[in-house]
Structures are given as structure tokens and as C-alpha cells.
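In: Sequence first, then the predicted structure:
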Amino acid sequence: DIVGPIVNGGIGTALLAFAELMASSGADVTVMYPSDYSETLPITAHIELFRNKGISFESLFASETGKELSYLVYQWLRKQDPFDVIHYHDWQGLGYWTAVAKHQGLAFHDTTLVCQVHGQTYWHMH
């Protein structure tokens, strides 16, 4: 969930603002948006729009959800040059397999993981 392919407020707005702030301060920022879902333009158009903001926008163009999508993200992250920080949101457990791998000492040894919490289960269900 990030503003661009998704039209909303909440976590998507917060994550876009954070990415833009980090990029404007000179940090190398990569947004991994693994889904093929967009409420606006095709994902390929967002790659260019984010590039114009100084942000690398990557996608797996995946239609999987939940655990399967989380695992695809983990596999993608393992193949990249190590990131200093991986910042992900809590929605649908997208960072689950990445966090498990770090906890078990399998990957991301020198990477800080940050989970941006937004809506707890109780709030979401009610």
C-alpha cells in the first residue's frame, strides 16, 4: 500500500511521505511494491513517476497475496545488495518471512528491520 498505485490515506500516505523525505535528504530509496494491482495507472507508469522523485520503484507484478506474497518479497530482498534498513508496513504480513529470516540468522544480518504499524486487528475488524 503506497500512494501512487493506491488512492487512499493512512499507511500508504505515510509511507510515500517517508520515502520522499528520505530521498530528498540524499538517501538511496527503493520502494518494493510487489503486487500487480493498481487503482490508477499501470505499475510500469509508476516506475517512471517515482524515478522523477528520486525513488527507485520496483515491482514483482505478482498476483499472490498473504504468505505467498510475503515469501516472494523475502526472496527478492535476499537477491539484492544488502539494504541498510528495510522499512515495511504491518498490513497483510508482507514483512513476515523477511523478519523470520533475520530472527533465525538466515539473512539480513547487517540490516535494520522496521515494521510501520498502522491498524491493529481489533481496529480493522471493528
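Out: Here it is on my side, so go on.

In: just checking, V114 touches H89?
Out: No. Contact criterion CB atoms under 8 Å: V114 and H89 do not qualify, at 9.9 Å. C-beta coordinates here come from the backbone N, C-alpha and C atoms, glycine included.

In: Look up how far Y122 lies from the residue most central in space within the chain.
Out: Taking CA atoms, centre = their mean, the centroid of the chain lies closest to M32, which sits 4.6 Å from it. Remark: distance between M32 and Y122 (CB to CB, to the nearest Å) = 28 Å.

In: And for Q116?
Out: 18 Å.

In: Please, where are all the helices along the protein?
Out: Secondary structure of the chain (DSSP state H): helices at 11-24, 43-51, 66-78, 96-103, 121-125.

In: The ones you listed: which one's closest to V3?
Out: helix 11-24 (4.4 Å; CB to CB).

In: what's the average pLDDT for the closest one?
Out: Per-residue pLDDT over helix 11-24 has a mean of 93.

In: What is the distance between that helix and the centre of its chain?
Out: 11 Å (CA atoms, centre = their mean, to the nearest Å).

In: cool, and stretch 87-102?
Out: For stretch 87-102, the distance to the chain centre is 9 Å (CA atoms, centre = their mean).

In: what sits up against it?
Out: 1, 11, 15, 18, 34, 65-67, 69-71, 73-74, 77-78, 86, 107-109, 111, 113-119 (CB atoms under 8 Å, 6 or more residues apart in numbering).

In: can you give me the end-to-end distance of that stretch?
Out: 14 Å (CA to CA, to the nearest Å).
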